[in-house]
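K.L.:
Sequence first, then the predicted structure, then my questions.
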Amino acid sequence: MNSYSALSLAWNALTGHGGWKAAWRAPEPKRRYDVVIIGGGGHGLATAYYLAKSHGITNVAVLEKGWIGGGNTGRNTAIVRSNYLLTPNSHFYEHSLKLWEDLTADLNFNVMFSQRGMVNIAHSNAEMTALHRRGNAMRFNGVDSDLLTPKELGQLMPGLDLSPEARFPVMGGLIQKRGGTARHDAVAWGYARAADSRGVDIIQNCEVTALRRDGDRITGVETSRGVIEASKVAICVAGHSSQLAAMAGLRLPMESHVLQAMVTEPVKPMLDVVAVSGALHVYINQSDKGEIVIGGDIDGSNSFAQRGDPHVLDHVVESAVSLFPALRRLRMMRSWGGIVDMSMDGSPIITSLPVRGLFLNGGWCYGGFKGTPAAGTAMAHLLATGEPHRIARQFTLNRFDTGDLLDERGSGSSPWMH
Ligand code: FAD
């Protein structure tokens with residue numbers, strides 16, 4: 001903290017905190033922008049930031065129907081990693097991880113990125129073989145990975161049940177030491193402040209209700225705050241992608257499901273890595289406040305509700321307790337749900353759409369938070385140049401026509417996909 005910041009902190013503390021400047025403006029929407037971005041989550045805000053920073057395009061509006069970061073960005077379990085099997089995903093998420101490593105400095109906003117290590121736990125020989133394969137693929141792609149014996153897992157996670165009588169005996173694991181967590185809402189705020197300072201208008205409480213077209217070309221959007229014209233419109237709305245695409249008469253290879261997460265009461269430090277068990281469909285880490293953050297598999301049915309089914313919650317808690325028996329003594333404080341955009345092959349979609357000037361960033365399934373910086377970079381490149389960014393060439397919709405799918409359903413806590 002420099003002396004000016006220290007002085008202003010002291011001054012505001014003594015004068016009732018009335019003198020702080022808002023971190024971003026609250027402008028009225030203009031009649032026309034060069035680019036309209038629908039969705040003020042991390043991806044929409046990052047797209048706006050990189051459009052301004054890397055391409056000099058600043059006549060941009062981010063339209064958010066609620067408050068920024070109020071969607072999945074503020075609801076996720078904040079895990080950041082690049083431990084993917086398939087080369088296109090591996091390169092994309094590794095590019096993202098490298099951006100995470102400098103993000104706090106780049107945005108001049110502390111996103112609390114903590115590279116505490118990301119551990120996958122195996123409970124069978126078959127799972128160990130899969131982890132060997134994934135670890136080798138990661139190293140081949142220049143991504144760090146190390147296999148772990150049960151003893152090494154026990155040293156990393158003293159609370160892990162390693163006994164042979166455990167309900168799901170532990171056979172070993174794989175660690176990506178550069179993986180970890182970040183403070184999710186700080187990511188939205190950091191990108192928002194940085195985009196705003198470059199001239200981007202962030203407009204909250206502004207729901208897009210229709211897309212305007214002239215023939216096969218997009219001309220703007222209708223919103224709860226009036227019509228806004230633009231020749232380029234980017235849909236960055238995660239679980240609502242199919243609803244926005246339907247406004248243009250398009251159907252996407254995507255389903256919306258609720259994904260739940262929960263936190264316990266805060267306790268003293270007991271887990272300083274992120275632990276994932278694919279077989280048990282559970283992932284666990286400890287927040288900086290001390291809460292144990294637990295997530296699991298998606299709810300089975302399609303839904304747009306931001307709350308989940310209690311039986312999924314039960315299953316996730318059972319799994320967490322069978323891995324770390326001491327957790328059974330903790331009280332659950334909160335649980336919530338977000339609507340995730342499950343693509344049919346488990347990989348993201350960053351693409352132009354059949355309507356000219358209309359673009360989509362979606363299909364992030366369980367894992368788009370970690371992709372935020374790279375997704376923003378790739379989406380901004382696509383909007384500015386009309387061409388896919390080199391890190392996202394295989395993420396266009398074209399793959400669903402050619403059958404050249406990126407089937408990565410199974411790299412996290414779910415057999416479906418993570
Ligand atoms: P969002 O943050 O959802 O932003 C989309 C925004 O669009 C929303 O704010 C919404 O209000 C707005 N919107 C929708 N419709 C309209 C409209 N018509 N007009 C205007 N605005 C509109 N990923 C990881 O990498 N690691 C994890 O550990 C992880 N855990 C997760 C745990 C849970 C419980 C959930 C739900 C998700 C998790 N994810 C995780 C996934 C991750 O959160 C998402 O992929 C990512 O945050 C998507 O960001 P986004 O900006 O695309 O979407």
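P.N.:
Structure's in. What do you need?

K.L.:
On the three-state scheme, the most centrally placed residue in the chain is what?
P.N.:
Centroid-nearest residue in the chain: Phe369, 1.4 Å away (criterion: Cα atoms, centre = their mean). Per DSSP: H, G, I helix; E, B strand; the rest coil, the local secondary structure of Phe369 is coil.

K.L.:
what's the answer for Thr58, then?
P.N.:
Judged by three-state DSSP, the three-state class of Thr58 is coil.

K.L.:
neighbours around it, how many?
P.N.:
Residues within reach of Thr58, counting by other Cβ atoms under 10 Å, total 17. Heads up, the C-betas are built off the backbone N, CA and C, glycines and all.

K.L.:
can you check Arg139 too?
P.N.:
12.

K.L.:
That one falls within a helix, correct?
P.N.:
Yes - the assignment for Arg139 is a helix, going by three-state DSSP.

K.L.:
Let me know the pLDDT of it.
P.N.:
Arg139 is assigned 98 on the pLDDT scale.

K.L.:
cool, Met1 as well?
P.N.:
58.

K.L.:
And Tyr4, by the same measure?
P.N.:
pLDDT, read off for Tyr4, is 68.

K.L.:
re the thing from before, quick check: the residue nearest to the centre of the chain touching Val80?
P.N.:
Yes - Phe369 lies in contact with Val80 (Cβ atoms under 8 Å); the separation is 7.0 Å.

K.L.:
Which neighbours do these two have in common?
P.N.:
Counting by Cβ atoms under 8 Å, 6 or more residues apart in numbering, the common neighbours of Phe369 and Val80 are Ala182.

K.L.:
packing partners for the helix or strand Ala105 falls within?
P.N.:
Ala105 is located in helix 87-107, with elements delineated by DSSP states H and E. Other elements packing on helix 87-107 under the criterion 3 or more Cβ pairs under 8 Å, 6 or more residues apart in numbering; DSSP states H and E are strand 79-80, helix 125-140, helix 184-197, helix 372-385.

K.L.:
one more time with 6 Å, if that's ok
P.N.:
Packing contacts for helix 87-107, counted by 3 or more Cβ pairs under 6 Å, 6 or more residues apart in numbering; DSSP states H and E, involve helix 372-385.

K.L.:
which parts of the helix it packs on are buried?
P.N.:
Residues of helix 372-385 classed as buried: 372-384 (neighbour count, 16 or more other Cβ atoms under 10 Å).

K.L.:
What's the first helix or strand after the strand or helix carrying Ala320?
P.N.:
Assigned by DSSP H and E, Ala320 belongs to helix 310-323. Reading on from helix 310-323 to the C-terminus, the next helix or strand found by DSSP H and E is strand 332-343.

K.L.:
Direction included, what does that next one pair up with?
P.N.:
If you go by DSSP bridges, strand 332-343 pairs up with strand 254-264 (antiparallel).

K.L.:
and the strand it pairs with with the ligand, contact?
P.N.:
Yes - residues of strand 254-264 contacting the ligand under Cβ under 6 Å from any ligand atom: 259-261.

K.L.:
Write the ChimeraX selection for whichever of those residues are buried.
P.N.:
Those of the residues of strand 254-264 next to the ligand that count as buried under 16+ other Cβ under 10 Å are selected in ChimeraX with:
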select :259,260,261
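
K.L.:
any residues touching the helix-or-strand element of the chain with minimal mean pLDDT, and which ones?
P.N.:
Using mean pLDDT, DSSP states H and E, the weakest-scoring helix or strand in the chain turns out to be helix 3-14, at a mean of 79. Residues outside helix 3-14 that contact it (Cβ atoms under 6 Å, 6 or more residues apart in numbering) are 19-20.

K.L.:
likewise stretch 205-224?
P.N.:
36, 38, 63, 65, 225, 228-230, 233, 247-248, 355-358.

K.L.:
Can you say which of those are also within reach of the ligand?
P.N.:
38, 63, 65.

K.L.:
Can you tell me, leaving aside adjacent residues, what's nearest to the second one?
P.N.:
The spatially closest residue to Leu63, leaving aside those adjacent along the chain, is Cys206, at 4.6 Å (Cβ to Cβ, 6 or more residues apart in numbering).

K.L.:
Also Arg134?
P.N.:
With Cβ to Cβ, 6+ apart as the criterion, Arg134 has its nearest non-adjacent residue at 5.0 Å, and that residue is Leu85.
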